[in-house]
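Chemist: coords please:
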Amino acid sequence: QVQLVESGGGSVQAGGSLGLSCASSEGTFSRLTMGWFRQAPGKEREFVAYIRWSKGSAFYVDRVKGRFTISRDNAKNTVLLQMDSLKPEDTGVYYCAAARGLATPRERDYDYWGQGAQVTVSS
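Modeler: Have a look, this model is predicted:
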């Protein structure tokens with residue numbers, strides 16, 4: 001069983017930056033696709049970004065492209081999400097997720113989930 005623990009997040013004004021970190025207990029972390037999802041109040045959880053285990057290539061949802069950066073440190077079993085130029089609509093609970101299969105933006109393709117970290121952006 002893979003355990004994922006998020007840290008970081010918090011509150012910031014619009015235009016500011018925050019970072020999220022997700023630590024995995026999985027010894028084969030380097031072979032996992034890692035993703036970030038978020039859930040705004042009253043809305044369904046949505047895909048934000050993923051990073052493949054091979055070559056570290058990343059994919060983002062359009063609304064965060066150019067503002068968010070996902071990265072991974074396989075030596076530390078950690079995936080990061082750097083969030084810049086934050087907007088109030090970025091507010092929500094951010095979840096780290098891991099997939100053993102192919103990298104996709106589909107929630108159902110992820111096998112393991114963290115507990116979530118709150119991000120609040122005020123206008």
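Chemist: Enumerate every residue touching E89.
Modeler: A40, R63, V121 (CB atoms under 8 Å, 6 or more residues apart in numbering). In short, each C-beta sits where N, CA and C put it, glycine included.
Chemist: same deal with Q1?
Modeler: Applying CB under 8 Å, 6+ apart, the residues contacting Q1 are Y112.
Chemist: hmm, back to that, show me which of the contacts of E89 are buried.
Modeler: Buried subset of the contacts of E89 (neighbour count, 16 or more other CB atoms under 10 Å): V121.
Chemist: Just put the contacts of E89 in CSV and tack on pLDDT, secondary structure and distance to C22.
Modeler: What follows is those, written out as CSV (pLDDT from 0 to 100; DSSP: H, G, I helix; E, B strand; the rest coil; distance: CB to CB, whole Å):
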residue, pLDDT, secondary structure, distance to C22
A40, 96, coil, 19
R63, 97, helix, 21
V121, 98, strand, 20
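Chemist: Okay, strands next: where are they in this protein?
Modeler: 4-8, 10-13, 18-24, 33-39, 46-51, 58-60, 68-73, 78-83, 92-99, 112-113, 117-122 (DSSP state E).
Chemist: Name whatever forms a beta bridge with the spatially most central residue of the chain.
Modeler: The residue lying closest to the centre of the chain (CA atoms, centre = their mean) is W36, at 2.4 Å. Counting by DSSP bridges, W36 is bridged to A49, C96.
Chemist: what residues are up against it?
Modeler: L20, C22, V48, A49, Y50, I70, V79, L81, Y94, Y95, C96, A97.
Chemist: how much space between the first one and N77?
Modeler: Right, the one you point to is L20. 15 Å (CB to CB, to the nearest Å).
Chemist: Neighbour count: the two, which is higher?
Modeler: Between L20 and N77, L20 has the larger neighbour count (other CB atoms under 10 Å), namely 25 against 20.
Chemist: Pairing partners for the more buried one in the sheet, please.
Modeler: On the basis of DSSP bridges, L20 is bridged to G8, L81.
Chemist: I'd say it and M83 touch.
Modeler: Yes - using CB atoms under 8 Å, L20 is in contact with M83, at 7.2 Å.
Chemist: Find residues that contact each of the two.
Modeler: V119.
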